[in-house]
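Student: For reference, the sequence and a predicted model appear below.
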Amino acid sequence: MIEKVKPEAVQERTDANGHLKIDFEAAEHAMRQFLHAMGEDVDREGIIDTPRRVTKAMIELMSGRLEDVGEILSRRFKQETDSPVMLRDIELFSLCEHHLLPFIGKVHIAYLPGDGHVVGLSKLARLVDAYAKRPQIQEQLTNQIADALMEHLEPKGVLVWIESEHMCMKMRGIKKCNPVMQTIAARGLYEYDREARKELLGMLRGT
């Protein structure tokens, strides 16, 4: 028997320490209800364990909400440089918050150190994952990465460029296979200096 979820059974999203709570059993139960509501036989062999598998997968795909971005960017190294630090083609997998379908693409990051301090390149990839692994829209993701770099590294300028394909366009709805969405967030020097931004984008594009 599939029971309706009662409003009073919904718990607060955070515990007493402010940490995000995940109710695995409630999520699994809700997925079972969803499949039942869609007309599936939730007790058949191929589906009976699907609610648990989907719940585990979604926890992983939304695990960025548990990351401490400040901790990721906390360890910096002294490196005198007048040139921007760039990392291209960081793999991106995220979930569109509108349909919970993936968008997949690449993130390109560049920043100009403000006080000669840089972070390891792996930290930039971890930062992308921390924000990508949560439901959201691409525009927000682009801004979050740029704002985090400005806040924690205090560089002279930041530029984040994301290009991705959205499964909500390719698999359903309009069903267009080739569109690539591009978003750019510029901060500091690269926000107000058009020539500097143009030059940096050219470097990131390899042109």
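Tutor: Structure's in. What do you need?

Student: Compute the first-to-last residue distance for stretch 146-165.
Tutor: 20 Å (CA to CA, to the nearest Å).

Student: For the helix or strand hosting Ala30, list every residue counted as buried.
Tutor: Using DSSP states H and E, Ala30 sits in helix 24-37. Buried residues in helix 24-37, counted by 16 or more other CB atoms under 10 Å: Ala27, Glu28, His29, Met31, Arg32, Gln33, Leu35, His36. Where you see a C-beta, it was placed from the backbone N, CA and C, and this is true even at glycine.

Student: Next secondary structure element downstream of that helix?
Tutor: With DSSP H and E, the next secondary element past helix 24-37 is helix 50-61.

Student: Identify each buried residue in that following helix, please.
Tutor: Thr50, Pro51, Val54, Thr55, Met58, Leu61.

Student: Run the chain-centre distance for that helix.
Tutor: 17 Å (CA atoms, centre = their mean, to the nearest Å).

Student: So which elements touch it?
Tutor: helix 24-37 (3 or more CB pairs under 8 Å, 6 or more residues apart in numbering; DSSP states H and E).

Student: and the direction of the helix it packs on versus that of helix 50-61, what angle?
Tutor: 120 degrees (axes from the mean of the first three to the mean of the last three CA atoms, to 10 degrees).
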